[in-house]
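Peer 1: Curious how this folds, go ahead:
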Amino acid sequence: MDTLTLWQLAALAAASLLVGFSKTAVSGANTISLAVFAAVLPARESTGVLLPILIAGDILAVLVYRRHAHWPTLLRLFPAVAAGVVAGTVFMMWAGDDAVRTSIGAILLFMSAVTLWRRRGAARAEKPDGGGAAAAGDAAVRAADGTAPDGDGPSTAGGAPSRAGRLKARSYGALGGFTTMVANAGGPVLSLYLLSAGFRKLSFLGTSAWFFLIVNTSKVPFSVGLGLIDGPSLLLDAVLVLFVLPGAYLGRACVGRINQKVFDRIVIGATVLGGLQLLLR
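Peer 2: As a prediction, this is how the structure comes out:
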């Protein structure tokens, strides 16, 4: 790993602070950190440096929201996620730095497009003339999927999830596993799945926290085997992890005060710019 300048270290420190913030407040902010790490470091190496930082944030998020996880949802996702992680590992075995950088940029742009599409659909559903019908239709979809909301998190409709619900979990799980292994970018995929299942804020944060702690920890042996995590990367992590805690504290303090729409626009805009920078670099 090449020697970093003061400005590069400052950029990585700010990105690490944002990791902590995203883990306890707004998960979408994490995509900015991915772009910063991939821009400052060689793209392939950046995934290995960022992983321990993410795990530190996951631990803090679990400590805060550990009681709000919905384990049936997690257990439904994990088999497909494992398959996606293995597929991502195979890709990383032959992918060079240029291929990884392009993949990260493309994934960030794709996730931004999906997020915008979801926001547009949600805004359309909130229109006065279609709100009731949209809500009823949404509830019907969730019931068919076996993820109808109940209390703080979703519950299965009629016991076991339907065939459509199982297919949905497998699709999102496999995509999430692949994107998190290649680019540490599984957050938007999980967010889409949980939001479509009707999760409320606390159950959303709690389920996300446990999901990424388990998945990111399971990625460590693969990353070590690929040479993405080594002595120099861990030394850099030892410095950067110090910025995760204040970020997590800030996120916890601000989680109820954030203007969500404004923040989402900033995050999406920054992610698009980061993705384009990686593709055109």
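Peer 1: Quick check: mean pLDDT of stretch 274-281?
Peer 2: Averaging pLDDT along stretch 274-281 yields 75.
Peer 1: How about residues contacting that stretch?
Peer 2: 31-32, 34-36, 38-39, 43, 101-102, 104-109, 112 (C-beta atoms under 8 Å, 6 or more residues apart in numbering). Yep, even glycine has a C-beta here, placed from its N, CA and C like the rest.
Peer 1: and the closest residue to residue 244 other than its chain neighbours, what is it in contact with?
Peer 2: Leaving out its chain neighbours, the residue that sits closest to residue 244 by C-beta to C-beta, 6 or more residues apart in numbering is residue 20, at 4.0 Å. By C-beta under 8 Å, 6+ apart, residue 20 lies in contact with 56-57, 60, 243-251.
Peer 1: following the host helix or strand of residue 20, which helix or strand shows up next?
Peer 2: Using DSSP states H and E, residue 20 falls within helix 6-24. Downstream of helix 6-24, the next assigned helix or strand under DSSP H and E is helix 30-40.
Peer 1: Helix 6-24 and that following helix, what's the angle between them?
Peer 2: 160 degrees (axes from the mean of the first three to the mean of the last three C-alpha atoms, to 10 degrees).
Peer 1: what about the strands in the stretch 1-150 of the chain?
Peer 2: Ranges of strands in the stretch 1-150 of the chain, per DSSP state E, counting those that start in this stretch, are 148-150.
Peer 1: Tell me where this structure is predicted with low confidence.
Peer 2: Along the chain, segments meeting pLDDT under 70 span 1-2, 28, 122, 125-161, 258, 260, 263-264, 266-267, 281.
Peer 1: what's the longest helix in it?
Peer 2: Assignment by DSSP state H gives helix 97-125 as the longest helix of the chain.
Peer 1: Output the contacting helices and strands for it.
Peer 2: Applying 3 or more C-beta pairs under 8 Å, 6 or more residues apart in numbering; DSSP states H and E, we find helix 97-125 packed against helix 30-40, helix 43-65, helix 131-145, helix 163-183, helix 187-196, helix 260-280.
Peer 1: Could the C-alpha coordinates of the fourth one be exported in CSV?
Peer 2: Taking Å, rounded to 0.1, in the frame of the first residue of the first chain, the C-alpha atoms of helix 163-183 are listed here in CSV:
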residue,chain,number,x,y,z
ARG,A,163,-43.5,-19.1,-2.7
ALA,A,164,-43.4,-15.5,-3.9
GLY,A,165,-42.0,-14.4,-0.6
ARG,A,166,-39.3,-17.1,-0.6
LEU,A,167,-38.3,-16.2,-4.2
LYS,A,168,-38.1,-12.5,-3.2
ALA,A,169,-35.9,-13.3,-0.2
ARG,A,170,-33.6,-15.4,-2.4
SER,A,171,-33.3,-12.8,-5.1
TYR,A,172,-32.5,-9.9,-2.7
GLY,A,173,-30.3,-12.2,-0.6
ALA,A,174,-28.1,-13.4,-3.5
LEU,A,175,-27.8,-9.8,-4.9
GLY,A,176,-27.0,-8.5,-1.4
GLY,A,177,-24.4,-11.1,-0.8
PHE,A,178,-22.6,-10.5,-4.2
THR,A,179,-22.6,-6.7,-3.8
THR,A,180,-21.4,-6.8,-0.2
MET,A,181,-18.5,-9.1,-1.1
VAL,A,182,-17.4,-7.1,-4.2
ALA,A,183,-18.0,-3.6,-3.0
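Peer 1: Pull out the buried positions in it.
Peer 2: Neighbour-count burial for helix 163-183 flags 165, 168-170, 172-183 (criterion: 16 or more other C-beta atoms under 10 Å).
Peer 1: what about the residue nearest to residue 244, distance to residue 178?
Peer 2: To residue 178, residue 20 is 25 Å away according to C-beta to C-beta, to the nearest Å.
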